[in-house]
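Colleague: Give me a 3D structure for the following:
(2 chains)
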2 protein chains.
Amino acid sequence: MLRTHTCGELRPDHIGQTVTLTGWVQRTRDAGGIFWIVLRDRYGLTQLALEEGVESEELRAKGRELGREFVISVTGKVAERYSKNDKIPTGAIEIRVEQLEVLNAAKLPPFLIEDETDGGDDLRMKYRYLDLRRNPVRRNLELRHRVAQATRRFLDGQQFIEVETPVLIKSTPEGARDFVVPSRMNPGEFYALPQSPQTFKQLLMVSGFDRYFQIVKCFRDEDLRADRQPEFTQIDCEMSFVTQEDILNTFEGLVQYLFKEVKGLEIGTLPRMTYADAMRFYGNDKPDTRFEMKFVELNDVVKGQGFPVFDAAGLVVGINAHNSAMYTRKQLDELTEFVKRPQVGATGLVYARVEPDGNVKSSVDKFYSQDELQKWKAAFNANPGDLLLILAGEPNKTRKALSELRLEMGQRMGLRDKDVFSPLWVVDFPLLEYLEEEGRYFAMHHPFTSPKPEDVALLDNPDTIGEVRANAYDMVINGVEVGGGSIRIHDRAVQARMFSLLGFSDEEAKAQFGFLLDAFEYGAPPHGGIAFGFDRLCSLFGGADSIRDFIAFPKNNSGRDVMIDSPSPISGAQLKELSIATAVEKKA
Amino acid sequence: MLRTHTCGELRPDHIGQTVTLTGWVQRTRDAGGIFWIVLRDRYGLTQLALEEGVESEELRAKGRELGREFVISVTGKVAERYSKNDKIPTGAIEIRVEQLEVLNAAKLPPFLIEDETDGGDDLRMKYRYLDLRRNPVRRNLELRHRVAQATRRFLDGQQFIEVETPVLIKSTPEGARDFVVPSRMNPGEFYALPQSPQTFKQLLMVSGFDRYFQIVKCFRDEDLRADRQPEFTQIDCEMSFVTQEDILNTFEGLVQYLFKEVKGLEIGTLPRMTYADAMRFYGNDKPDTRFEMKFVELNDVVKGQGFPVFDAAGLVVGINAHNSAMYTRKQLDELTEFVKRPQVGATGLVYARVEPDGNVKSSVDKFYSQDELQKWKAAFNANPGDLLLILAGEPNKTRKALSELRLEMGQRMGLRDKDVFSPLWVVDFPLLEYLEEEGRYFAMHHPFTSPKPEDVALLDNPDTIGEVRANAYDMVINGVEVGGGSIRIHDRAVQARMFSLLGFSDEEAKAQFGFLLDAFEYGAPPHGGIAFGFDRLCSLFGGADSIRDFIAFPKNNSGRDVMIDSPSPISGAQLKELSIATAVEKKA
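Modeller: Down below sits the predicted model:
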């Protein structure tokens, strides 16, 4: 190695030793007759000193020529530091420089390589290799590495085998849009990049692999919302001869292990919540349970008192924001504006404060007497100082809007601490959902998801089909769905029934899922699995809202990598060889 | 779990316990009043017994209805086996069946699910999910998993961080053909799939990651020779602040660790051979050193005796096949045919036997006296019983042909044992190679490979450019290049010199390697790396010639996955959305 130690390694024990360090010049400072250089590498920072009258003028001149981010090698003696810096592990020592070599000069970076940078998003993306020098970004990727290593260690210990499934697969009409790859050797034909290895992992179960996992890149050609990436990573898992209970226990174990190994936290047993309860109490199938603030349904309490909005509403439902009665008119107006946003979708907000004397003061006092309002208070189990926030309208829309308001209030009230983790399982998802516009049922998870055995009889009656629950489950942490899966159908009769419910003819089922159905004819074991969003899981562990800084080289919202300037045109010769032509419509 | 134990787990200690097993019916047999079922899962085989007069007739009837590969669950008591089978770990016990449930029936598989199958390659590929049930194939993938886990464990222990680099990158004109991916959001533009993460790993070094690795899928759209796959996996590594010596030591450590962990073998220190010696003594930059049989150059010995073929040849060179003098005329004719094959390329073969009395008998006796032939014998250090095989012609071609003949003889003489491993480093590769047809030098490794500092001066003289050695190295095991890499150039002046030698203008260099060159302006550390062919490494560990059975779902030589029938046409709507058209030429 060109160094004897890293920049994070030296301690008072090393004093007197001659060492060689390499790294980047973080900053320099000339003060009190000493020229200081702070040297940085992945492992830390070390201070170098060139003192007037001690180190040579030639060396000191060399030091003064260094710019930020120059790559240098220094040899010198480890010495006790004049003024110790407790903030860094090497803060008790410094290096008295004896030799200094510039390994590579550097242009001035376009933004500060500091924890708090002055670089905007665009600049940071264009010079991602410089952004990656910053501690917070590098630490995110170190965290990601640790999560991946721990995941593999845990699953390997549980007899899971990591099997690489192909990246060049076949385009299927289901799901999101595929990225496709023209085949030169098979003109006019295309591979597709996998949206997930779903069919391959089920095939591996048919093959008897028993326990499969893979940390694997997946691809979706979707219009990119904030925080979606066209290529993303999953922890993809499948097990044979299991019930839902086995899957939940196994992967609860994984997540407990990851929290322990990576965060040093014991998260304990994961609570389980039914989909029905999640919707009823949180209006959301991925409830943020770091805070309570459950929905309180008020139809029985508020109707029939002459307030037309409540009387006409399918559902009147509210939340109790504890100790928020001090909210000003301006703040309440903000909340009203918030719920009226198109993405929230409520038409208005009713609020009520519980005053210090126990009286309730509402925004609809002209319709409700104090006696009636006291019933509200009782329904919310509210105390003086509490603020009740109530929405009304079509039940599903209203629940969704109140869920947004609940999260907003949780944020405002400081109840969504990034260092607090509240994981849970949401279970008993409906098997099917009816889409009015399509006039038919769709599989909520996917067509291979198993109904709960005790609900299978409900499939016989058109009126009860929608009530059938699936052996499907999501793991939710802090309001984020980090993983989801299901027990698959392995019984051919049930599978045929499913396809027919979903409106597939035998031929269509064969055309879309042929090779998997074929495989199922040769002895498929009962099996089920789960997939975790790895980028999301890492960002959650890192306490970040965005996945972007947990991906080394992410793409922007137009799917572009602005650093390498991709995608880009390819040559006519390449197109010809691939037997394709671009058909870009001229802009008018 | 639907089972209490696996099929590989039960031992005499379990006798008397009631257990539930699940798995596939490997075979059944009705003999001596007992109906036997051999049940299989990933973990092993267990024998089930249904005895006349002991187990019920109903259960026995159920057993007789089972076909091969049915998936069943059985509950019963573990009992001592009548006749023990020492060949399997569960051979001392059997299960006396009390309950038997068919979890899934199975059609008769199109080939035998046995270690030795009757299925041809095409059938095995079409029903890959059944082929994967076979022990040898499944064991290959289990081995692959273990190699991957051990690789990660070792590199993590050496402070390497696994960083995922993007799959959707930019097409570059260098190297093999890229697979490309049309971008819907950027019409007329394409991503490319990476041939390797080379530029990204160098960027990560510029970012200060210090030690990077990744087990990563790479893609090359090449015409597929036997045992090439369009998608393949690399162990990709890069380190900063290192010399070649550091890289060799680190990755020698990795390979030693893998051999120890996976094969239980101590391979010791890896010998190092220069490229020049490899070519001179083996005619090959990836010599199979499981056996000696070094080349002996004979120009000084054989010329000037009137044999026109030798006199006209640039090089006369041979090998000594010890104890092969008994080769018959027919066998020698076969060898002559062998060396004349176009892919070997010699024009003929001269041979000489050392007889028991020490006399040498050659195929060119009319040109060489016994005295002359005794000089041959001395040159080869040959003994009675040895067979000398000699080729002559243009030096490079002749070495290549003799290398093939050497490998063929090694094979015939049983010197290429798959259980013997002979790893070595080949070092000091030339930096540049001159391609006559192009009339210019090309980088032998890639344009960022560093020349040896002591050879840099040779770049000044056009006559000595070809002699400049690179800090480039390959790891070779048993004649297979399993890994290769180089120390990269980090000095801008040297890099500019390289580009100019390679005939690049500044503009061309910028156009092709722009973002990497930009990055190098901001402080690039000295760095270098290596990449291992992971599929190849696994097949080597598994003692196989082909990588195909170390890949779960490989493609055939036309790049097709015949199981899922991919690639395949996509819809007109998909093409339109992607702003491309297929331009398949009609066949005349």
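
Colleague: So which bits of the one helix or strand A:Arg406 maps to are buried?
Modeller: Taking DSSP states H and E as the definition, A:Arg406 sits inside helix A:395-412. Residues of helix A:395-412 classed as buried: A:395, A:397-410, A:412 (neighbour count, 16 or more other C-beta atoms under 10 Å in any protein chain shown). Using the backbone N, CA and C atoms, a C-beta is placed for each residue, glycine as well.

Colleague: what's the longest helix seen in chain A in contact with?
Modeller: Assignment by DSSP state H gives helix A:135-157 as the longest helix of chain A. Contact with helix A:135-157 is made by A:42, A:115, A:131-132, A:162, A:211, A:213, A:215, A:235, A:237, A:253-254, A:257-258, A:261-262, A:534, A:537-539, A:541-542, A:544, A:549-550, A:552, B:145, B:149, B:152, B:156, B:161-164, B:207-209, as judged by C-beta atoms under 8 Å, 6 or more residues apart in numbering or on different chains.

Colleague: Among these, which are located in strands?
Modeller: Counted as lying in strands by DSSP state E, out of these, are A:Glu162, A:Arg211, A:Phe213, A:Ile215, A:Ile235, A:Cys237, B:Ile161, B:Glu162.

Colleague: per-residue confidence for the third one?
Modeller: As predicted, A:Phe213 sits at a pLDDT of 98.

Colleague: quick revisit: give me the buried subset of the contacts of helix A:135-157.
Modeller: For the contacts of helix A:135-157, a burial check counting by 16+ other C-beta under 10 Å picks out A:42, A:131-132, A:162, A:211, A:213, A:215, A:235, A:237, A:254, A:257-258, A:261-262, A:534, A:537-539, A:541-542, A:544, A:549-550, A:552, B:145, B:149, B:152, B:156, B:161-164, B:207-209.

Colleague: hang on, isn't A:Thr269 packed against A:Glu252?
Modeller: Yes. Counting by C-beta atoms under 8 Å, A:Thr269 touches A:Glu252, with 7.2 Å between them.

Colleague: A:Ala369: how many residues sit nearby?
Modeller: Rather than Ala, residue A:369 is Ser. 10 (other C-beta atoms under 10 Å in any protein chain shown).

Colleague: separation between it and A:Val78?
Modeller: 80 Å (C-beta to C-beta, to the nearest Å).

Colleague: and what of A:Leu100?
Modeller: Remark: distance between A:Leu100 and A:Val78 (C-beta to C-beta) = 16 Å.

Colleague: ok, those two, which is more surrounded?
Modeller: Shown here are A:Leu100 and A:Val78; by other C-beta under 10 Å, A:Val78 has more neighbours (24 against 21).

Colleague: Can I get the ones in strands among the contacts of helix A:135-157 in CSV including distance to B:Phe179?
Modeller: Shown next, in CSV, are these (distance: C-beta to C-beta, whole Å):
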residue, distance to B:Phe179
A:Glu162, 24
A:Arg211, 32
A:Phe213, 26
A:Ile215, 22
A:Ile235, 26
A:Cys237, 28
B:Ile161, 27
B:Glu162, 24
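
Colleague: May I ask which two of those residues are separated the most?
Modeller: Greatest spatial distance among the ones in strands among the contacts of helix A:135-157 (C-beta to C-beta): A:Arg211 and B:Ile161, at 27.2 Å.

Colleague: Grab the nearest non-local neighbour of A:Glu261.
Modeller: Here the nearest residue to A:Glu261 in space, its sequence neighbours aside, is A:Ala150; by C-beta to C-beta, 6 or more residues apart in numbering or on different chains that works out to 4.3 Å.

Colleague: contacting residues around the helix holding A:Arg406?
Modeller: Identification of contacts with helix A:395-412 by C-beta under 8 Å, 6+ apart yields A:279-280, A:282-284, A:287-288, A:290-291, A:293, A:295, A:313-319, A:321, A:324, A:335, A:338-339, A:343-346, A:349, A:389, A:391-393, A:416, A:479.

Colleague: now those residues: which count as buried?
Modeller: The neighbour count (16+ other C-beta under 10 Å) marks A:279, A:282-284, A:287-288, A:290-291, A:293, A:295, A:313, A:315-319, A:321, A:324, A:335, A:338-339, A:344-346, A:349, A:389, A:391-393, A:416, A:479 as buried among the contacts of helix A:395-412.

Colleague: Cross those against strands and list the overlap.
Modeller: Counting by DSSP E, the buried ones among the contacts of helix A:395-412 place A:Leu315, A:Val316, A:Val317, A:Gly318, A:Ile319, A:Ala321, A:Leu389, A:Leu391, A:Ala392, A:Gly393 in strands.

Colleague: Go ahead and confirm the second one touches A:Phe310.
Modeller: By that I understand A:Val316. Yes. Counting by C-beta under 8 Å, A:Phe310 is a contact partner of A:Val316 at 5.0 Å.

Colleague: Can you check which residues contact both of those two?
Modeller: Joint contacts of A:Val316 and A:Phe310 (C-beta under 8 Å, 6+ apart) are A:Leu298, A:Val302, A:Lys303, A:Ala392.

Colleague: Let's see which of those end up in strands.
Modeller: A:Ala392.

Colleague: what's the closest of the shared contacts of A:Val316 and A:Phe310 to chain B?
Modeller: A:Ala392 (40.1 Å; C-beta to the nearest C-beta).

Colleague: Can you report how many residues neighbour the residue nearest to A:Leu575 when sequence neighbours are not counted?
Modeller: If the residues on either side of it in the chain are set aside, A:Leu575 comes closest to A:Ala581, at 6.1 Å by C-beta to C-beta, 6+ apart. Counted with other C-beta under 10 Å, the neighbours of A:Ala581 add up to 14.

Colleague: Residue ranges in the stretch 51-200 of chain A under the pLDDT threshold?
Modeller: Residue ranges of the stretch 51-200 of chain A with pLDDT under 70: A:173-174.

Colleague: Please repeat the previous calculation with a cut-off of 80.
Modeller: A:172-175 (pLDDT under 80).

Colleague: How about the stretch 351-500 of chain A?
Modeller: Residues of the stretch 351-500 of chain A that meet the cut-off, pLDDT under 80, sit at A:491-493.

Colleague: Let me know how buried whichever residue of it sits closest to chain B is, in neighbour terms.
Modeller: The nearest approach of the stretch 351-500 of chain A to chain B comes at A:His490, 5.8 Å away (C-beta to the nearest C-beta). By other C-beta under 10 Å, the residues close to A:His490 number 23.

Colleague: So A:Gln331 lies in a helix, does it not?
Modeller: Yes. A:Gln331: assigned to a helix according to DSSP: H, G, I helix; E, B strand; the rest coil.
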